[in-house]
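> this one's structure only:
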């Protein structure tokens, strides 16, 4: 007998607080914290990129720019593709390990 997929049933979770003053304040606070974190990482990346000689071959932003441009004068397309693929493999491997070891069962 073939089973048909059914959407999950609602769990009767009260969501009214999400759209009240406290919920909106919390959402805006989280957005602000995320923007500050992104600005911090961007500044750090820019500083490392301008201070360290040869770092363009390793920084993800430079690699993606080289891929989009078909290669640059400092990064060949093949090297950018290989390095980016290595980054993706490491990230996917880490995500896979973390997914298997997560403590969420439902």
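Received, thanks. On a predicted model such as this, the values are computed, not experimentally measured, just so you know.
> Break the chain into its domains for me.
When the chain is parsed with automatic domain parsing, its domains come out as 18-51, 54-106.
> secondary structure element for residue 45?
Under DSSP states H and E, the secondary-structure element containing residue 45 is helix 21-51.
> Check residue 95 too.
Going by DSSP H and E, residue 95 is in helix 77-100.
> which other helices and strands contact that helix?
helix 60-69 (3 or more Cβ pairs under 8 Å, 6 or more residues apart in numbering; DSSP states H and E). All C-beta spots, glycine's among them, are computed from the backbone N, C-alpha and C.
> where in the protein is pLDDT low?
Within the chain, the segments meeting pLDDT under 70 span 1-3, 104-106.
> quick one on the thing from earlier: would you pull up how far the helix holding residue 45 lies from the middle of the chain?
13 Å (Cα atoms, centre = their mean, to the nearest Å).
> Report all helices and strands that it contacts.
helix 60-69.
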